[in-house]
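**Student:** pasting a predicted model and its sequence here:
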Amino acid sequence: MKMFERLDNRVIVNYEVVTLSDLHIGGHTTTEPADVDNPVIKNADSYPIIPGSSLKGVLRTEMERLLRGLNMDIKVCDIFISGKDRGGCNKCPVCKLFGGNELASSIRIKDATANSKKTMVRDGVAIDRKKRKAKDGGKYDTEVVPKGTVFEGTCIIENTDLVIENTELDNKKYENFAKLGAFLSLLDFFNECSGSIGHASSRGFGEVKLNVKGINIITAQDYLDGNYTGKSYVPDSTEYRELKNNAVADWSKYIKSGKYD
């Protein structure tokens, strides 16, 4: 059965992005001349935002790096390679999570909105590397969201199971919360090993931490019964820890199986 032919469950993950240093994710929100050379992207109410596409791209890249580094002969496609697999092979574990050339993404990350409109302007100057001094006319300024700002957003994971094919026995085994386990373990990996998004991370910008604020799991039966919030899981609770441990175990079984097609 195709991945999205039916709704088995839907997971709503409420997350926050806490800035540990100044953050710049650029964008022009108006056709009028900007007050600074490099403004941050904002929504219609002038609150800075982190586009869901930016966060999703960073997390996809981190997942690719992680799986390639496991020394388990896991085939992870290159979405930029030319040919029929450009945009994703549709079969590898990363495509099963984040989408491929002909496969919709199971993980949809919505924009995260800052809890404050406050921004700052940081001055910069372009350096002539040969002369080792400032270029003529090289001064510029960059708008940043200051350290300590909190962005809040939502991630939706559709149908959390992943299927392990056993061609020898001609059957299938379903790891029911594997996609959720992949996402939660990926957040931990990001926080411990990378933790940066946006512009000029090599200069100290964009250091962040991603936190889960709550999880809701909604089944098709819940929707039929009018229970549109499903079952809630709060971080630091026993139920949340059990859910996370089981989900991560499901993801680990799927990866170790090597049966991704």
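**Tutor:** That came through, no problem.

**Student:** now stretch 39-50: average pLDDT?
**Tutor:** Looking at stretch 39-50 alone, the average pLDDT works out to 93.

**Student:** actually stretch 6-17, not the one I typed
**Tutor:** Mean predicted confidence for stretch 6-17 is 94.

**Student:** quick one: buried residues of it?
**Tutor:** 9-13, 15-17 (16 or more other Cβ atoms under 10 Å). Every residue, glycine included, has its C-beta placed from N, CA and C.

**Student:** before we move on, what about stretch 209-220?
**Tutor:** Using 16+ other Cβ under 10 Å as the burial criterion, the residues of stretch 209-220 that qualify are 210, 212, 215-218.

**Student:** put together JSON lines for these, with distance to Gly198, pLDDT and secondary structure on each row.
**Tutor:** Below are the buried residues of stretch 209-220 laid out as JSON lines (distance: Cβ to Cβ, whole Å; pLDDT from 0 to 100; DSSP: H, G, I helix; E, B strand; the rest coil):
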{"residue": "Leu210", "distance to Gly198": "13", "pLDDT": "97", "secondary structure": "strand"}
{"residue": "Val212", "distance to Gly198": "21", "pLDDT": "97", "secondary structure": "strand"}
{"residue": "Ile215", "distance to Gly198": "26", "pLDDT": "97", "secondary structure": "strand"}
{"residue": "Asn216", "distance to Gly198": "28", "pLDDT": "97", "secondary structure": "strand"}
{"residue": "Ile217", "distance to Gly198": "31", "pLDDT": "96", "secondary structure": "strand"}
{"residue": "Ile218", "distance to Gly198": "32", "pLDDT": "96", "secondary structure": "strand"}
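
**Student:** so which of the residues you listed comes closest to Gly226?
**Tutor:** Ile218 (11.3 Å; Cβ to Cβ).

**Student:** report the beta-bridge partners for the closest one.
**Tutor:** Beta-bridge partners for Ile218, by DSSP bridges, are Arg10.

**Student:** tell me the contacts of it?
**Tutor:** 9-12, 227-231 (Cβ atoms under 8 Å, 6 or more residues apart in numbering).

**Student:** from those residues, which two are the most distant?
**Tutor:** Taking Cβ to Cβ, no two of the contacts of Ile218 sit farther apart than Val11 and Asn227, at 14.7 Å.

**Student:** which helix in this protein has the most residues?
**Tutor:** Scanning the chain for the longest helix, with DSSP state H as the assignment, gives helix 238-257.

**Student:** pull the CA atoms of that one into PDB?
**Tutor:** Extracted as PDB, the C-alpha positions of helix 238-257 are listed here (Å, rounded to 0.1, in the frame of the first residue of the first chain):
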ATOM      1  CA  THR A 238       6.800   9.000  32.100                       C
ATOM      2  CA  GLU A 239       4.400   8.600  29.100                       C
ATOM      3  CA  TYR A 240       6.600  10.900  27.000                       C
ATOM      4  CA  ARG A 241       9.800   9.100  27.900                       C
ATOM      5  CA  GLU A 242       8.200   5.700  27.000                       C
ATOM      6  CA  LEU A 243       6.900   7.000  23.700                       C
ATOM      7  CA  LYS A 244      10.200   8.500  22.800                       C
ATOM      8  CA  ASN A 245      12.200   5.300  23.700                       C
ATOM      9  CA  ASN A 246       9.800   3.100  21.800                       C
ATOM     10  CA  ALA A 247       9.800   5.400  18.800                       C
ATOM     11  CA  VAL A 248      13.600   5.600  18.700                       C
ATOM     12  CA  ALA A 249      13.800   1.800  19.000                       C
ATOM     13  CA  ASP A 250      11.400   1.400  16.000                       C
ATOM     14  CA  TRP A 251      13.600   3.800  14.000                       C
ATOM     15  CA  SER A 252      16.700   1.900  15.000                       C
ATOM     16  CA  LYS A 253      15.200  -1.500  13.900                       C
ATOM     17  CA  TYR A 254      14.200   0.000  10.600                       C
ATOM     18  CA  ILE A 255      17.700   1.300   9.900                       C
ATOM     19  CA  LYS A 256      19.500  -1.900  11.000                       C
ATOM     20  CA  SER A 257      17.200  -4.000   8.900                       C
END
